[in-house]
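> need a structure here:
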Amino acid sequence: MKRVLQIGHNDIRLFLRMKAGYVWLFVVPLVFVYFFGIAFRGPGAPSNPRPAVLIENHDTGFLGTLLTEQLDAKGMRLVDQTKRDEAERGIRIPADFTDMQIIFFLLLGQFIFKVNLGQNLLAILLTLGLYAWVAASLGVWIGAVVKNEDKIIGLCVLASSIMAALGGCWWPLEIVPATLQAIAHCVPTGWAMDALHQLISFVGGWETVFSKLGVLALFAAGANIGAARMFRY
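This next block holds a predicted model:
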């Protein structure tokens, strides 16, 4: 029992030394509580179990669609502009909602987690921009092929989870066997993570990521062409 207490005491001391830990423990939960409180507050009487919410979704990316789907799943009755008089509150999703996520996490990494982004900031932004292009094109492609909105959301979540796991977003590719490392480079996340590791972890220059950015661009162009061929107005 004494050893268990010693381990716990040591973990607490280490946690208190990490400023980033305070963000995850205190700030992030408050942000989630505030956001969902704004989204779901209102009459909750049995006579009105699902208050109407006017959704203005100007974001064409995956996150805007996913947020709308989650609001509907959590009990909100979503209405469009034609029924705005029935809405008791409104939520506006900006056009650059997906891009704001990238900027937010870059700032979080720079100032909270002390990730060195300054030396290769332009290359990092280009890498993230190319990857966002790939993700947007794949989303449009799936949306053009699959007509059911629920299936589109499910396929996008499934595809992003699989690519994240295979590409090294959940764990370093260095710890997996050579076969899985080869498979990782069959999906765009593997190339994006390779480029980010070179730029951030190893402070490499442009010359270390040219080939990786080229492959990402090919993924993006291929997904763009596929989406354009399948898209119907």
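> mind listing what's buried in the top helix by length along the chain?
When the chain is parsed with DSSP state H, its longest helix is helix 121-145. Neighbour counts over helix 121-145 (16 or more other CB atoms under 10 Å) mark 123-124, 126-128, 130-144 as buried. Heads up, the C-betas are built off the backbone N, CA and C, glycines and all.
> and what of stretch 185-203?
185, 187-200.
> shaky segments in this structure?
1, 19-21, 32, 34-99, 118, 149, 232-233 (pLDDT under 70).
> mind redoing it with 50?
The chain contains residues with pLDDT under 50 at 43-46.
> the strands in it, which residues?
Applying DSSP state E to the chain gives strands spanning 52-57, 77-79, 89-93.
> can you list the domains in the protein?
Following automatic domain parsing, the chain resolves into domains at 2-93, 116-230.
> straight-line length of the longest one, end to end?
For domain 116-230, the first and last residues are 41 Å from each other (CA to CA, to the nearest Å).
> who's in contact with Lys212?
Counting by CB atoms under 8 Å, 6 or more residues apart in numbering, Lys212 makes contact with 127, 191-192, 194-195, 198.
> before we move on, the earlier item: the buried residues of stretch 185-203 in helices, which ones?
Using DSSP H, 188-196 are the members of the buried residues of stretch 185-203 that sit in helices.
> need these in a markdown table with distance to Cys156, can you?
Shown next, in a markdown table, are those (distance: CB to CB, whole Å):
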| residue | distance to Cys156 |
| --- | --- |
| Pro188 | 14 |
| Thr189 | 14 |
| Gly190 | 19 |
| Trp191 | 20 |
| Ala192 | 17 |
| Met193 | 20 |
| Asp194 | 23 |
| Ala195 | 23 |
| Leu196 | 22 |
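> just give me the closest of those to Phe231.
Comparing those against Phe231 with CB to CB places Pro188 closest, at 20.0 Å.
> so who does that closest one touch?
Counted by CB under 8 Å, 6+ apart, Pro188 has contacts 131, 134, 163, 167, 216, 219-220.
> go on, Ala220?
Taking CB under 8 Å, 6+ apart, one finds 130, 133-134, 137, 188 in contact with Ala220.
> can you rerun that using 10 Å?
Neighbour list for Ala220: 129-138, 188 [criterion: CB atoms under 10 Å, 6 or more residues apart in numbering].
> Throw those into JSON lines and include distance to Val157, thanks.
Shown next, in JSON lines, are the contacts of Ala220 (distance: CB to CB, whole Å):
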{"residue": "Gly129", "distance to Val157": "23"}
{"residue": "Leu130", "distance to Val157": "22"}
{"residue": "Tyr131", "distance to Val157": "17"}
{"residue": "Ala132", "distance to Val157": "17"}
{"residue": "Trp133", "distance to Val157": "20"}
{"residue": "Val134", "distance to Val157": "16"}
{"residue": "Ala135", "distance to Val157": "12"}
{"residue": "Ala136", "distance to Val157": "16"}
{"residue": "Ser137", "distance to Val157": "17"}
{"residue": "Leu138", "distance to Val157": "12"}
{"residue": "Pro188", "distance to Val157": "17"}
